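In: Here is my input, please return the structure:
(one chain, ligands or ions: 1)
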Amino acid sequence: MNTVGGYFRGFMTPLKNDRFLRALLREPVDVTPVWMMRQAGRYLPEYRETRARAGDFMALCQNAELACEVTLQPLERFPLDAAILFSDILTIPDAMGLGLYFEAGEGPKFKKPVRTAADVEALTVPDPEKDLGYVMDAVRTICRELNGRVPLIGFSGSPWTLATYMIEGGSSKDFRRIKAMMFDQPELLKHVLSVLADSVTSYLNAQIEAGAQAVQIFDTWGGVLSPENYRDFSLHYMDRIVKGLKRENEGRKVPVILFTKNGGQWLESMADTGADALGLDWTTDISEARQRVGNRVALQGNMDPSTLYASPERIRQEVATILEKFGTGNGHVFNLGHGIHQFVEPEKAGAFVNAVHELSASYHASV
Ligand code: CP3
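Out: Model prediction:
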């Protein structure tokens, strides 16, 4: 019988390529699946062209047809094993009324950052279909266009990572405002994180219901915390989210990936959440990670994105090294250790994806 994860597949969109979902569930695959964080983005000239047509980045996110177009662009170029929704993690705080905007060269900013107890108390959980309907429309449009070619990944930021932008008012190097709040007014910050945990849970569940077949939580800034503070201010809320997610849709398991950048020392406690897979950045050795948690979760990663500035031969060598470190057996999704940089030549991304498929076949029993 045609099954994935032990489930009958008769009543859902059949997937032509399900090796990404299978690897996340630590099931056998023919070759190691691969996708790239930020695979739709500024390194692609066709992305820059569509963005110019949309006017600006948020207009692109809010137009389902154009968001679908840019989601599919990297798949037209490279044989990627997954698509990722084109959107941003800051859609949730924007829907909370904080007024997201992008200043050229300065990254994201909020008109109304969260600074006082009154600002915190005013925060409410957005309704995903009403307040973030444009994201759900994008998910539905992309699923329709993909028509089962590869699975679609939905995503959200972690509560801690979203809170850094909301409280700092934009990107930060030192996180001084949120850390002052964490040390002086921990209960106030915990209220923010709690509202965010509920918001992320319902946002991701709505993406799953709209058709996303896996979800990833981006905890980009969890790694700036001490171990105790990571546990109490980041992991605790991701744990609540994982436990509140719909883990099955249309008879198929919906795997959850947790990615804390610079979180390599906390893999055991991340695995305790019950997530299916952990994302690794390149500062962790994937063979050590596998020894520590590989019998409990799949691992996603972990080539240094800067490798893509090197020659195709050197990129291939680096892919070979990481495949060898992971070794034979199930549960590896190849990826970069963080998003692809905007100055990478697209051909280098192609060399990377092809190298993963070509060199990984010998690590899997032919099926
Ligand atoms: O991976 C994908 O292809 C999906 C799309 C995606 C985007 N942002 C598109 C985007 C995803 C998954 C994100 C997540 C995101 N957004 C994170 C977590 C990322 C991680 O890897 O840890 C963060 C911290 C953000 C917030 C954000 N949005 C930043 C810091 C920026 C860059 C601003 C800048 O000017 O450099 C954005 C904008 C953004 N999000 C772009 C893209 C393609 C670039 C926008 C543009 O100018 O076209």
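In: Now do the contacts for residue 69.
Out: By Cβ atoms under 8 Å, 6 or more residues apart in numbering, the contact set of residue 69 is residue 50. Placement of C-beta: from N, CA and C, glycine included.
In: in which helix or strand would I find it?
Out: helix 64-77 (DSSP states H and E).
In: so after that helix, what's the next helix or strand?
Out: In N-to-C order, the element after helix 64-77 by DSSP H and E is strand 83-84.
In: Quick one: residues in contact with the next helix-or-strand element following that next one.
Out: Downstream of strand 83-84, the first helix or strand assigned by DSSP H and E is helix 91-93. Residues from elsewhere that reach helix 91-93 (Cβ under 8 Å, 6+ apart): 61, 100, 110, 126, 132, 135, 156-157, 162, 165-166, 196, 199-200, 203.
In: Now helix 91-93: average pLDDT?
Out: For helix 91-93, mean pLDDT rounds to 98.
In: Please report how far the residue of the stretch 101-250 of the chain found nearest the ligand lies from residue 311.
Out: Relative to the ligand, the nearest point of the stretch 101-250 of the chain is residue 220 (3.4 Å; Cβ to the nearest ligand atom). In this view, residue 220 and residue 311 are 29 Å apart by Cβ to Cβ, to the nearest Å.
In: quick one: which of these two has more around it?
Out: For the pair residue 220 and residue 311, the greater number of neighbours falls to residue 220 (20 against 10), based on other Cβ atoms under 10 Å.
In: Help me see whether stretch 186-203 makes contact with the ligand, please.
Out: No - Stretch 186-203 does not reach the ligand (Cβ under 6 Å from any ligand atom); its nearest approach is 13.1 Å.
In: for that stretch, what is the average pLDDT?
Out: 98.
In: next one: that stretch to chain centre, how far?
Out: Averaged C-alpha coordinates place stretch 186-203 at 19 Å from its chain's average position (Cα atoms, centre = their mean, to the nearest Å).
In: one step back: what distance separates the helix holding residue 69 from the centre of its chain?
Out: 17 Å.
In: And the strands in the chain, which stretches?
Out: Assigned by DSSP state E, the strands in the chain fall at 3-4, 7-8, 83-84, 100-103, 107-110, 152-157, 214-219, 248-249, 252-253, 256-260, 277-279, 298-303, 332-336.
In: Format these as CSV; extra columns: mean neighbour count.
Out: Output for the strands of the chain, formatted as CSV (neighbours: other Cβ atoms under 10 Å):
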stretch, mean neighbour count
strand 3-4, 16
strand 7-8, 14
strand 83-84, 24
strand 100-103, 15
strand 107-110, 17
strand 152-157, 23
strand 214-219, 26
strand 248-249, 14
strand 252-253, 20
strand 256-260, 26
strand 277-279, 26
strand 298-303, 26
strand 332-336, 29
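In: need the contact list for residue 201.
Out: Residue 201 neighbours (Cβ under 8 Å, 6+ apart): 240, 241, 244, 245.
In: Hmm, the second one is touching residue 216, no?
Out: No - with contacts counted by Cβ atoms under 8 Å, residue 241 stays clear of residue 216, the gap being 11.6 Å.
In: How about residue 218: which residues does it bridge to?
Out: Listed beta-bridge partners, residue 218: residue 157, residue 259 (assigned using DSSP bridges).
In: where does it land on pLDDT?
Out: pLDDT at residue 218 comes out at 98.
In: need the contact list for it.
Out: By Cβ under 8 Å, 6+ apart, the residues touching residue 218 are 89, 155, 156, 157, 158, 161, 259.
In: Now the first one: closest residue in space, sequence neighbours ignored.
Out: So that's residue 89. Nearest-residue entry for residue 89: residue 157, 3.2 Å, with adjacent residues in sequence omitted and distances by Cβ to Cβ, 6 or more residues apart in numbering.
In: Pretty sure the one you found sits against residue 87.
Out: No - if you go by Cβ under 8 Å, residue 157 and residue 87 don't touch, sitting 10.7 Å apart.
In: How about the contacts made by residue 289?
Out: Applying Cβ under 8 Å, 6+ apart, the residues near residue 289 are 264, 267, 278, 280, 299.
In: Check the gap between it and the ligand for me.
Out: 18 Å (Cβ to the nearest ligand atom, to the nearest Å).
In: From residue 237, how far off is that residue?
Out: Noted for residue 289: a distance of 23 Å to residue 237, by Cβ to Cβ.
In: Settle this for me: residue 339 is touching residue 37, isn't it.
Out: Yes - if you go by Cβ under 8 Å, residue 339 and residue 37 touch, sitting 4.4 Å apart.
In: In terms of neighbours, single out the busier of these two.
Out: Legend: neighbour count by other Cβ under 10 Å for residue 339 and residue 37, higher for residue 37 (22 against 17).
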